[in-house]
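Colleague: need a structure here:
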Amino acid sequence: MLHPEIAEAYRAMRKMTVLSTKSNDSTIVIPIVFHVVHQYGNENISDQQIYRQVQILNEDFQKLNTDTAAIVFEFQEIAGNANIKFELARFDPFGNCSNGVNRYFSNETNIGDDYSKLNSWPRTRYLNVWVVRSMENGVAGYAYYPSSVEGTGFWRDGIIIRHNFIGDSGTSNTSNSRTLTHEIGHWLGLAHTWGSTNEPELLNNCLLDDGIEDTPNTIGWTSCNLNGMTCDNELDNVQNYMDYSYCSVMFTQGQVDFMRNILYSTISGRNALWNEYNLDLTLGDLDVPITCEPIADFNSNIKTVCMNTPILISNHSWRIVGNESYLWEFPESNTPTSTNENPSVSWSTPGWKTVQLTVVDDQGTHTRTETNYIFVSPDYRDFNGPKTLAFDNENEAMYLIFNPQNNEATWNIENNVGVGGSKAIILRNASPHSNFLPFSNEFFYQNRLGGNTDEFITPSFDLSNTSNVNVSFAFAAATNATAVSDMSERLRIFVSTNCGQTWSLRETLTGMDLINNGLGHNSFTPSQNSVWSEASFSLTGAQTSGNVRFKFEYTASDFSNNIIIDNINVSGILGIENNSNTLSDILVYPNPANSNEPIKITIPEHLDKLVLTVLNNVGQQIAVLGEDQISNQNQINLSDFANMSQGVYYLNFSDNTQSYTIKLIVL
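Modeller: Next up, the predicted model:
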């Protein structure tokens with residue numbers, strides 16, 4: 001239990017709760033749903049690990065756990081059976097088939113707080129449990145008392161817990177497997193055995209109490225000392241689920257009575273969870289099997305790749321019941337289809353690529369299709385040598401934009417936002433987005449962007465003949481934060497020499513170094529009075545290769561406003577190739593050209609044995625001019641050989657020793 005303010009709420013709840021002993025002869029059934037918040041790491045635990053956790057819960061809350069045999073003699077008679085059973089939801093709030101597990105890709109898995117409770121199902125119909133990767137200060141999990149989430153705090157209800165404290169298999173272990181039992185105890189109103197604080201083993205805890213008559217007063221434990229007596233010269237109930245001893249095996253009868261009283265009360269709608277009407281909606285007839293189709297899911301940690309370079313696509317399909325099979329489809333790839341669970345694939349043509357997975361099991365079929373999922377870089381470069389990217393004349397399609405969260409905050413090239421009112425690339429974080437609770441009549445707004453990353457990747461450069469390379473860029477950024485401690489925004493710039501398969505960090509800007517326009521903006525865009533700053537970095541010799549891209553990665557805070565990048569200047573000394581017949585002497589004009597005017601190519605006399613390949617913007621060949629058509633000619637009219645409609649083209653000239661590419665824009 002993370003929040004210490006529950007002490008007062010606990011006292012208020014005890015006043016509201018009728019402390020009469022409820023018969024535990026009848027089993028109370030509670031529908032439960034697990035929301036796994038992940039980024040395709042090991043926090044994306046299996047369905048089977050969750051199923052095992054539910055089994056442990058039902059053993060603990062029905063006193064069926066075999067380790068009750070280890071209860072010390074003094075507490076054997078008061079060990080209670082709550083007779084509470086948890087059933088994974090079989091129907092979602094819309095009546096659709098469910099196995100009681102949902103999965104969401106979100107950076108919230110790294111935060112693990114109230115705002116990480118994504119897509120809550122109605123708390124009067126389900127117990128919501130969120131599984132995350134990490135939480136502040138290493139906390140294992142937390143829950144609120146029912147009285148702490150009354151009224152406007154309804155959206156905080158439920159339990160949030162780290163993945164390695166779910167069950168005793170997969171990423172967890174036996175020692176951690178009772179953490180959810182402990183947190184459900186809080187969710188049903190129980191305090192720690194020493195009282196409503198989160199700090200055990202303090203002598204002052206003897207002055208506190210959990211309000212349960214048959215739990216001995218204690219200071220609490222973080223170890224399993226079964227002979228411990230810390231208050232009133234009385235043996236401590238170290239094995240209680242509501243202690244921190246990590247050897248817990250029991251509730252007392254008094255705790256059982258208290259939890260069942262809560263479930264009969266109207267506090268936070270606990271009594272609505274287990275009535276016949278709700279169980280019919282959420283579980284249906286448990287004797288009748290239901291069949292939910294599997295969910296196809298996959299991920300690749302590499303999203304940009306060179307031609308003919310294999311990458312691994314990882315299968316993350318879920319809700320699988322058995323006898324599953326996989327059919328992958330990779331159009332235009334060297335392996336158009338695969339039935340491997342985790343296939344390797346490569347492409348010999350450039351451009352954005354589609355990945356599709358169909359999964360089949362005993363209960364059905366499901367297909368996921370992702371267009372523009374992988375970008376395959378062509379084997380030519382967008383620019384040769386130094387170049388300034390001002391976003392005014394370049395083809396916008398050359399910039400690769402990635403928005404992993406698939407939300408409304410993403411990089412876009414826009415007019416009138418750059419230096420002097422020019423074009424620039426902007427990431428709009430300022431407008432709060434609504435986080436609607438789809439299964440209730442209430443919603444709340446949150447500018448919850450903290451930790452989200454958005455990236456754009458520049459066009460490619462051939463810097464193999466450029467020395468002393470320096471990269472600079474202009475930026476303007478703002479925030480809504482009022483304290484420096486809340487300014488966790490971060491801009492990082494990387495360089496890659498292998499089409500973006502791996503990246504090397506070259507520059508990081510944070511805090512006041514990044515936020516150069518302060519706060520107080522509704523939605524910041526630069527004006528005449530705005531501040532533009534410049535940052536720069538150099539490249540090492542190994543990074544000045546023939547295939548260089550730069551990645552700009554912005555990580556938002558919860559208070560982020562907009563950020564704009566302009567005038568990315570790649571400068572250096574362009575060397576002269578040791579070859580008197582350099583292809584860079586070839587001229588193409590006019591460039592840009594109009595589609596209705598002739599496009600001419602001037603070829604110096606000393607160049608011969610040339611071949612010209614004309615490619616469109618996605619790397620498809622539209623014309624090839626051989627030696628007999630192009631060599632020994634001073635000038636040719638390209639329009640005689642290729643129909644050049646509006647668009648971007650690449651003219652690749654090659655002879656026996658070298659290759660040179662010119663980008664042509666037709667308006």
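Colleague: for the protein, what helix or strand is lowest in average pLDDT?
Modeller: Within the chain, no helix or strand scores below strand 443-446, which has a mean of 38 by mean pLDDT, DSSP states H and E.
Colleague: after that strand, heading C-terminal, what element do we hit next?
Modeller: strand 453-457 (DSSP states H and E).
Colleague: the helix or strand just after that following strand packs against which elements?
Modeller: Downstream of strand 453-457, the next assigned helix or strand under DSSP H and E is strand 461-462. Here strand 461-462 is seen to pack against strand 383-384 when contacts are counted using 3 or more CB pairs under 8 Å, 6 or more residues apart in numbering; DSSP states H and E. All C-beta spots, glycine's among them, are computed from the backbone N, C-alpha and C.
Colleague: now the strand it packs on: how far from the chain's centre is it?
Modeller: Its chain's C-alpha centre and that of strand 383-384 lie 34 Å apart, by CA atoms, centre = their mean, to the nearest Å.
Colleague: and for stretch 212-226?
Modeller: Counting by CA atoms, centre = their mean, stretch 212-226 is centred 40 Å from the centre of its parent chain.
Colleague: one more: stretch 162-169?
Modeller: Using CA atoms, centre = their mean, the offset of stretch 162-169 from its chain centre is 20 Å.
Colleague: quote the end-to-end distance of it.
Modeller: Terminal residues of stretch 162-169 are spaced 14 Å apart (CA to CA, to the nearest Å).
Colleague: buried residues in the helix or strand hosting residue 60?
Modeller: Using DSSP H and E, residue 60 sits within helix 47-61. By 16 or more other CB atoms under 10 Å, the buried positions in helix 47-61 come out as 47, 49-54, 56-58, 60-61.
Colleague: can you give me the strands in the stretch 51-200 of the chain?
Modeller: Assigned by DSSP state E, counting those that start in this stretch, the stretch 51-200 of the chain shows strands spanning 84-88, 101-105, 127-132, 141-143, 159-162.
Colleague: list the neighbouring strands of the longest one plus their orientation.
Modeller: Strand 127-132 has these partner strands in its sheet, going by DSSP bridges: strand 28-38 (parallel), strand 159-162 (parallel).
Colleague: with the shortest one instead?
Modeller: Note on strand 141-143: by DSSP bridges, its sheet partners are strand 159-162 (antiparallel).
Colleague: list of residues touching the strand it pairs with?
Modeller: Around strand 159-162, the neighbours that count as contacts under CB atoms under 8 Å, 6 or more residues apart in numbering are 43, 112-114, 116-117, 127-135, 139-143, 179-180, 183-184, 187.
Colleague: show me what the helix holding residue 60 is packed up against.
Modeller: strand 28-38, strand 84-88, helix 179-187.
Colleague: pull the CA atoms of it into CSV?
Modeller: Provided in CSV are the C-alpha atoms of helix 47-61 (Å, rounded to 0.1, in the frame of the first residue of the first chain):
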residue,chain,number,x,y,z
ASP,A,47,-1.8,-15.6,-19.9
GLN,A,48,-0.6,-18.8,-18.1
GLN,A,49,1.3,-16.7,-15.5
ILE,A,50,-2.0,-14.8,-14.8
TYR,A,51,-4.0,-18.0,-14.6
ARG,A,52,-1.7,-19.3,-12.0
GLN,A,53,-2.0,-16.1,-10.0
VAL,A,54,-5.8,-16.5,-9.9
GLN,A,55,-5.4,-20.1,-8.7
ILE,A,56,-3.2,-18.8,-5.8
LEU,A,57,-5.7,-16.1,-4.9
ASN,A,58,-8.5,-18.7,-4.7
GLU,A,59,-6.4,-21.0,-2.5
ASP,A,60,-5.5,-18.1,-0.2
PHE,A,61,-9.0,-16.6,0.1
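Colleague: pLDDT below threshold where in the stretch 1-150 of the chain?
Modeller: Judged by pLDDT under 70, the stretch 1-150 of the chain has its weakly predicted residues at 1-23.
Colleague: quick one: residues contacting the closest residue to residue 558 other than its chain neighbours.
Modeller: Spatial nearest neighbour of residue 558, chain neighbours left out: residue 450 (4.0 Å); criterion: CB to CB, 6 or more residues apart in numbering. By CB under 8 Å, 6+ apart, residue 450 lies in contact with 107, 111, 488, 556-558.
Colleague: out of these, who's nearest residue 454?
Modeller: Using CB to CB, residue 556 is the member of the contacts of residue 450 that lies nearest residue 454, at 7.6 Å.
Colleague: distance of residue 290 relative to residue 140?
Modeller: 32 Å (CB to CB, to the nearest Å).
Colleague: can you tell me the SS state at residue 472?
Modeller: Assigned with DSSP: H, G, I helix; E, B strand; the rest coil, residue 472 falls in the strand class.
Colleague: can you pull the contacts of it?
Modeller: 534-536, 567-569, 571.
Colleague: hey, what's it bridged with?
Modeller: Beta-bridge partners for residue 472, by DSSP bridges, are residue 536, residue 569.
Colleague: do you know how far it is from residue 604?
Modeller: Per CB to CB, residue 472 is found 34 Å from residue 604.
Colleague: residue 562 too?
Modeller: Residue 562 is 48 Å from residue 604, by CB to CB.
Colleague: and the pLDDT at the nearest residue to residue 189 once chain neighbours are set aside?
Modeller: Spatial nearest neighbour of residue 189, excluding adjacent residues (CB to CB, 6+ apart): residue 262 at 4.3 Å. Residue 262 carries a pLDDT value of 96.
Colleague: my guess is residue 262 meets residue 273, correct?
Modeller: No - if you go by CB atoms under 8 Å, residue 262 and residue 273 don't touch, sitting 10.6 Å apart.
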